[in-house]
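one predicted model, sequence on top.
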Amino acid sequence: MFKGWFGEQKTEFNLWLSLDKELYRRFHNVIIPSNNGTTQVDHILVSPFGLFIVETKNRTGWIYGSVRWKMTAKEIINLVRALDYSLFTSPTTSPTASINGMQIIIRKARIIDNVEGDPGKILSIVDDGIIVGSGNNKSVMLTMVECPDKGTLSGIEIGSSLSINLGDKFKIVD
């Protein structure tokens, strides 16, 4: 939490320091109504050259929109956390996955140690969610997902509401 806030403050300071205040109007931490409630934007710049929306991430490495099940469990969890806006809709993207022809958004997940299986394969359906194989000797438990026609699902309702069975596989994206 602090790391993200620090990154936003650093970006705000750099925008203040480097942009001509006569040419750029700066807005920070802006809450905007959306179809799903509200969304939060870190920085908006308005100038004669255009409107610029800046989303700050204080992380290293790449942030992908689609879950790549061949990634390690830690990389998958980092993706879900990087794109988690809690009460807000992500202004950039959400971690998505596809199974049985359905597109879902992964909202919450955690690492499960010592459970191995093929990347993207449903290994177990438990009260807390569904366990999916990843690209190492750990797996990922999806504990909350969102589906356009079913809403937000958590725990065991993920498997039952989406008709997911043991052995089903998420579409592998390379």
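Good, I have the coordinates.

phi, psi of Asp20?
For Asp20, the backbone dihedrals (degrees, to the nearest 10) come out as phi -70, psi 120.

I should have written Gln9 there, sorry.
Phi and psi for Gln9, reported as degrees, to the nearest 10, are phi -70, psi -40.

that one: neighbouring residues, count only.
Using other C-beta atoms under 10 Å, the number of residues around Gln9 comes to 13. Any C-beta I mention is one placed from the backbone N, CA and C, and that applies to glycine too.

one more: Asn58?
15.

do the same with Arg25
Look at Arg25: counted by other C-beta under 10 Å, it has 11 neighbours.

what bridges to the closest residue to it other than its chain neighbours?
Leaving aside its sequence neighbours, Arg25 sits nearest to Val46 (C-beta to C-beta, 6 or more residues apart in numbering; 4.5 Å). In this entry, Val46 is beta-bridged to Arg25, Leu51, by DSSP bridges.

was I right about Val46 contacting Lys21?
No: when contacts are counted by C-beta atoms under 8 Å, Val46 is not listed as touching Lys21 (11.9 Å).

which one of the two has more residues nearby?
Between Val46 and Lys21, Val46 has the larger neighbour count (other C-beta under 10 Å), namely 13 against 8.

pLDDT score for the nearest residue to Gly129 once chain neighbours are set aside?
Nearest non-adjacent residue to Gly129, counting by C-beta to C-beta, 6+ apart: Thr143, 4.1 Å away. Looking at Thr143, its pLDDT reads 90.

what does Leu166 give?
Looking at Leu166, its pLDDT reads 92.

ok so, going back, so how far is Thr38 from the residue nearest to Arg25?
20 Å (C-beta to C-beta, to the nearest Å).

same check, this time on Leu45
Look at Leu45 and Thr38: by C-beta to C-beta, they are 21 Å apart.

also Pro148?
From Pro148 to Thr38 the distance is 19 Å (C-beta to C-beta).

same question for Val145.
21 Å.

which of these two has more residues huddled nearby?
Taking other C-beta under 10 Å, Val145 and Thr38 do not tie; Val145 has more neighbours (27 against 12).

helix or strand for the more buried one, which one?
Assessed by DSSP states H and E, Val145 sits inside strand 139-147.

neighbouring contacts of that strand?
73, 76-77, 94, 102-112, 115-117, 123, 126, 128-134, 152-155, 158, 161-162 (C-beta atoms under 8 Å, 6 or more residues apart in numbering).
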